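S.K.: Here is my input; please provide its structure:
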Amino acid sequence: MDSFLLEVTARDIAQKAKFSRAAGRIPAVYYGRGKPTMTLSLDYQKFRKVYEKAGENTIIELAMDGKKFPVLVHEVQYEPVSDKFSHVDFIHVDMEKEVTTTVKIVCVGVCPAVKNMGGILDVLKHEIKIKCLPKDLIHSIEVDVSPIVDFHTSIHVKDLKIPSGIKILDNAEDTVVTASPIKVEEEAPKPAEAAAGAVPAEGAVPGAVPAAGAAATPAAAPAKEGKK
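M.R.: As a prediction, this is how the structure comes out:
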């Protein structure tokens with residue numbers, strides 16, 4: 001299991017969060033069942049680098065005053081305009097108790113149905129829900145797409161290869177990834193083409209254009225034969 005160390009400092013709750021952000025730091029909070037809540041401050045750039053690798057399903061150890069606290073990132077808030085981190089929630093992790101989280105799906109390899117048949121890869125599940133001890137947490141699940149040789153082959157949850165100690169909570173029959181042909185939509189015929197394909201009325205001269213304002217006249221009925 002990968003783990004990351006992140007140094008934090010205590011933050012006076014009376015201090016406004018905007019002052020921490022102006023100093024290049026992120027206000028944060030630490031909490032958990034049976035644990036005292038602590039308001040914290042951490043370096044922006046250091047957190048950014050750790051979060052890019054750890055995400056929300058890898059243990060991070062918060063270091064403060066010579067002590068370490070195993071946590072997961074529970075929530076990250078962003079500033080609406082700049083999209084920068086504005087606040088972080090850390091939740092305490094009991095290393096002896098199982099945790100439930102989601103891990104992302106990462107497709108690897110070459111899909112023959114895409115390469116040889118011109119199809120597109122359809123990823124139907126982008127993450128999988130798992131349950132395990134914190135020490136067994138993984139950052140992602142790799143899915144080899146090379147077995148998808150045609151448009152009738154799929155990879156299901158039950159086909160995923162995961163390390164021992166991890167329980168998958170999703171339905172085993174759910175489709176994770178498959179391939180499908182590209183749909184080509186037929187274009188509607190243009191007006192000129194539609195007119196060209198029209199059948200002329202009985203008695204009409206093919207290709208003749210009626211004069212402007214002229215009403216169409218029906219074909220004359222044959223004259224009746226006079227009485228003898």
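
S.K.: List the contacts of residue 172.
M.R.: By CB atoms under 8 Å, 6 or more residues apart in numbering, the contact set of residue 172 is 156-158. Heads up, the C-betas are built off the backbone N, CA and C, glycines and all.

S.K.: Give me the number of neighbouring residues for residue 62.
M.R.: Residue crowding around residue 62 was assessed by other CB atoms under 10 Å; the count is 21.

S.K.: Could you give the bridge partners of it?
M.R.: Residue 62 forms beta bridges with residue 6, residue 69, as assigned by DSSP bridges.

S.K.: Verify the stated contact: it with residue 31.
M.R.: No - between residue 62 and residue 31 there is no contact, the gap being 11.9 Å when judged by CB atoms under 8 Å.

S.K.: Common neighbours of the two, please.
M.R.: With CB under 8 Å, 6+ apart, residue 62 and residue 31 have common neighbours residue 90.

S.K.: Name the residues of the helix ranked longest in the chain that are buried.
M.R.: As assigned by DSSP state H, the longest helix anywhere in the chain is helix 44-54. Of the residues in helix 44-54, those with enough neighbours to count as buried (16 or more other CB atoms under 10 Å) are 46-47, 50-51, 54.

S.K.: I'd like the distance from it to the chain centre, please.
M.R.: The chain centroid and the centroid of helix 44-54 are separated by 22 Å, computed with CA atoms, centre = their mean, to the nearest Å.

S.K.: now do stretch 135-149
M.R.: In terms of CA atoms, centre = their mean, the centre of stretch 135-149 is set 16 Å apart from its chain centre.

S.K.: Quick check: closest non-adjacent residue to the residue most central in space within the chain.
M.R.: Most central residue of the chain, judged by C-alpha distance to the mean C-alpha position with CA atoms, centre = their mean, is residue 126 at 5.8 Å. Once flanking residues are discounted, residue 126 sits nearest to residue 105: 5.6 Å by CB to CB, 6 or more residues apart in numbering.
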